[in-house]
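Participant: Sequence plus predicted model, see below.
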Amino acid sequence: MINVNKEFETPVRDRVPYYVKSRVKELMDERGLSINEVARKSGLKYDTVKSYYDDNVQKPDSYTRAVLCATLDCELSDLEELVFHEEFLPNKKSTEKVQIKYETSTEKV
């Protein structure tokens with residue numbers, strides 16, 4: 001019988017202290033572009049552009065991101081940023097640096 005560590009019973013997405021945040025809204029606002037304009041210029045569906053604008057993309061795909069980069073005249077790294085989850089900062093301000101210590105176990109299962 002395999003002994004499952006309870007710490008890892010939750011999905012990985014709920015244990016990772018970072019998430020990828022879309023910067024499409026910021027880029028579009030900086031350029032004075034609406035969702036309709038970007039959809040028209042890019043050939044992407046309105047709902048697709050809106051989901052990136054609202055940072056509500058479940059599964060970002062490389063084609064859409066490439067088209068958005070071409071339309072917004074930016075690099076792929078400009079579209080997204082890695083953000084630290086606030087809930088992983090107990091009693092700390094989000095501006096404080098946090099050192100994360102990862103421990104590995106040598107125990108065989």
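Facilitator: That came through fine.
Participant: From now on I want contacts and neighbour counts done on CA atoms only, so please keep to that.
Facilitator: Fine.
Participant: what's downstream of the longest helix anywhere in the chain, the next helix or strand?
Facilitator: Ranked by residue count and defined by DSSP state H, the top helix of the chain is helix 62-72. Using DSSP states H and E, the helix or strand that follows helix 62-72 in sequence is helix 76-79.
Participant: Buried ones in that next one, by neighbour count?
Facilitator: Neighbour counts over helix 76-79 (16 or more other Cα atoms under 10 Å) mark L79 as buried.
Participant: so for stretch 34-48, what's the average pLDDT?
Facilitator: What stretch 34-48 shows for mean pLDDT is 97.
Participant: in that stretch, what counts as buried?
Facilitator: Neighbour count says stretch 34-48 has 35, 38-39, 42, 48 buried, by 16+ other Cα under 10 Å.
Participant: looking at this, K21 is in a strand?
Facilitator: Yes - looking at K21 with DSSP: H, G, I helix; E, B strand; the rest coil, it is inside a strand.
Participant: what about L72, how many residues close to it?
Facilitator: L72 has 19 neighbours, counted by other Cα atoms under 10 Å.
Participant: again with K25
Facilitator: Around K25 there are 20 residues (other Cα under 10 Å).
Participant: One more: the one 5 residues further on?
Facilitator: The number of residues packed around E30, counting by other Cα under 10 Å, is 9.
Participant: any weak-confidence spans in the protein?
Facilitator: 1-16, 85-109 (pLDDT under 70).
Participant: Tell me which stretches of it form helices.
Facilitator: Using DSSP H, helices in the chain cover 24-31, 35-42, 46-53, 62-72, 76-79.
Participant: would you list the ones you listed in JSON lines and tack on distance to Y18?
Facilitator: Output for the helices of the chain, formatted as JSON lines (distance: least, Cα to Cα, whole Å):
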{"stretch": "helix 24-31", "distance to Y18": "18"}
{"stretch": "helix 35-42", "distance to Y18": "27"}
{"stretch": "helix 46-53", "distance to Y18": "18"}
{"stretch": "helix 62-72", "distance to Y18": "20"}
{"stretch": "helix 76-79", "distance to Y18": "16"}
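Participant: still on that earlier bit, out of the buried residues of stretch 34-48, which is nearest to L68?
Facilitator: Among these, S42 lies closest to L68 (Cα to Cα), at 6.9 Å.
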